[in-house]
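S.K.: pasting the structure only:
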């Protein structure tokens with residue numbers, strides 16, 4: 001299994017993050033109009049975390065656009081890890097017993113379609129995350 005990965009979806013973000021050791025998690029408040037999906041999977045001395053978040057939850061990030069508001073998929077890649085760190089990883093606190101583990105490390109990120117249903121299982125989400133990216137000419141509205 002590859003290291004965790006991160007996936008941004010035009011309306012959803014899928015994140016895979018590696019942490020040290022299996023543990024219990026805590027969360028922060030999420031706005032009612034945002035749906036976050038997540039999988040935690042312990043694996044030896046790491047905890048893999050896949051997270052799918054609507055792109056509209058990534059406030060204060062100006063993603064490159066083309067045409068009438070489509071994401072510029074040829075240029076958006078470098079923005080994704082920073083957005084994932086700023087809006088997801090920085091808000092994830094994971095504990096093993098009473099000891100807080102280091103912040104999650106973003107290992108990959110990507111845009112995908114909101115209509116994509118590959119986040120039904122951990123294995124399907126990971127396969128989608130590590131599979132082919134959307135074609136650069138795909139018309140994906142950022143919001």
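M.R.: Everything's here; your move. What you are looking at is a predicted structure, and each value in this text was computed from that prediction instead of being measured. Numbers count the residues shown, from 1 in each chain.
S.K.: Surely residue 124 forms part of a helix?
M.R.: Yes - Residue 124: assigned to a helix according to DSSP: H, G, I helix; E, B strand; the rest coil.
S.K.: who's in contact with it?
M.R.: Going by C-beta atoms under 8 Å, 6 or more residues apart in numbering, residue 124 touches residue 118. Glycine gets a C-beta too; all of them are placed from N, C-alpha and C.
S.K.: how close does it sit to residue 49?
M.R.: 16 Å (C-beta to C-beta, to the nearest Å).
S.K.: Then residue 81?
M.R.: To residue 49, residue 81 is 15 Å away according to C-beta to C-beta.
S.K.: So between those two, which is more surrounded?
M.R.: Between residue 81 and residue 49, counting by other C-beta atoms under 10 Å, residue 49 is the more crowded of the two (23 against 17).
S.K.: Would you double-check that that one falls in a strand?
M.R.: Yes - counting by three-state DSSP, one finds residue 49 located in a strand.
S.K.: okay, it: pLDDT?
M.R.: As summarised for this prediction, residue 49 has a pLDDT of 91.
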